[in-house]
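Enquirer: Requesting a structural model of the entry that follows:
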Amino acid sequence: MNIPFEVFREPAAMRARAEDLRRDGRKIAVVPTMGALHEGHLALVRHARARADVVILTIFVNPKQFGPREDLSRYPRDEAGDLAKARPAGIDLAFCPSAEAMYPAGSQTFIEVRELQQPLCGTSRPGHFAGVATVVSKLFHITRPHVAVFGEKDYQQLAIIRRMVRDLDFGIEIQGVPIVREADGLALSSRNAYLSPEQRAAALSLSRGLGAADAAFKAGERDARMLVAIARAPIEAESLARIDYVELRDADELSTIERIENRAVLAIAAFVGNTRLIDNRVLAS
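Expert: Down below sits the predicted model:
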């Protein structure tokens, strides 16, 4: 039975609709986003469509995950355009709340995944992952999914959400979808819209660094410092790019490692102009 498309803005109404669907025996998948949808987001929707009876897209630019000097005010917003893209990809319902609906006056509760939130992006974006974990927890309670789908480009975010779901017994299956890239290797990101043509060309240094390190790994290199140095070199050679971090970490715990023994993630964050971009590659023996 087809579900009439609806856009919900109030948490109580969205939750009531989700509860009705669950009582009808429908399997629900949710795709949480901040909007400004691109092909990477649509890949998440299609992944969800193949795994559930009902797909809910959420669009919410979450103020709690932006620092005081970050790009909350200029973050791209195009709800009508986003829904026009997402509906043919397979969404049934959308939840597009206001900040006031999500965080009523007096809200003061946050969720922290203490260890996983500390390294990598957590170092340069204090408080960011508490904002992420809190809003995702709220979205899960509101949309009542059986499955939730996230992109692997935000690797640390995905690890944190998986741990939160496990630690707090949410009973939700978390699915990760591989990074979607442009033909030249640039990882798709809503923030790519900020880049000038020259900056976009410079941003390719991130994927070049990851590709060079991956090639070295496949040729037998296992030393973390060497692989990091290989990944850094193309970015350091790019005058428009500035490295935030390039680190090799255990793929599950995000702990530091000296050599790759099993699975590791090589993660990069760099500024191109004023735009902060992230990318990663999983290296597995």
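Enquirer: now the helices: where do they sit in the stretch 1-150 of the chain?
Expert: In the stretch 1-150 of the chain, the segments counted as helices under DSSP state H, counting those that start in this stretch are 11-23, 39-49, 79-89, 99-102, 121-124, 128-143.
Enquirer: can you tell which of those is closest to Ile56?
Expert: Ile56 lies closest, by Cβ to Cβ, to one member of the helices of the stretch 1-150 of the chain: helix 128-143, at 5.0 Å. C-beta coordinates here come from the backbone N, C-alpha and C atoms, glycine included.
Enquirer: counting contacts, what elements does that closest one pack onto?
Expert: helix 11-23, strand 28-33, strand 54-59, strand 93-95, helix 121-124, helix 155-167 (3 or more Cβ pairs under 8 Å, 6 or more residues apart in numbering; DSSP states H and E).
Enquirer: Tyr245: which of the ones you listed is closest?
Expert: Using Cβ to Cβ, these put helix 121-124 closest to Tyr245, at 7.2 Å.
Enquirer: wouldn't Ala18 be in contact with Ile142 here?
Expert: Yes - Ala18 is within contact range of Ile142, at 7.4 Å (criterion: Cβ atoms under 8 Å).
Enquirer: Give me the contact list for the biggest helix by length in the chain.
Expert: When every helix of the chain is counted residue by residue (DSSP state H), the longest turns out to be helix 197-218. Contact with helix 197-218 is made by 181, 184-187, 192, 195, 226-228, 230-235, 237-241, 246, 260, 266, 268, 270, 272-273, 275, 277, 279-281, 283, as judged by Cβ atoms under 8 Å, 6 or more residues apart in numbering.
Enquirer: Out of those, name the ones that lie in strands.
Expert: Among the contacts of helix 197-218, the members falling in strands (DSSP state E) are Ala241, Val246, Leu266, Ile268, Ala270, Val272, Thr275, Leu277, Asp279, Asn280, Arg281, Leu283.
Enquirer: Find me the pLDDT at Ser285, would you?
Expert: Looking at Ser285, its pLDDT is 78.
Enquirer: swap that for Met1, sorry
Expert: Predicted confidence (pLDDT) at Met1: the value is 59.
Enquirer: contacting residues around the residue nearest the centre of the chain?
Expert: In the chain, the C-alpha nearest the mean C-alpha coordinate belongs to Asp154, at 3.8 Å (Cα atoms, centre = their mean). With contact taken as Cβ under 8 Å, 6+ apart, Asp154 is in contact with Ile278.
Enquirer: pLDDT wise, what is it at?
Expert: 98.
Enquirer: Likewise for the one 4 residues further on?
Expert: According to the model's per-residue confidence, Leu158 sits at a pLDDT of 98.
Enquirer: Done for today, thanks.
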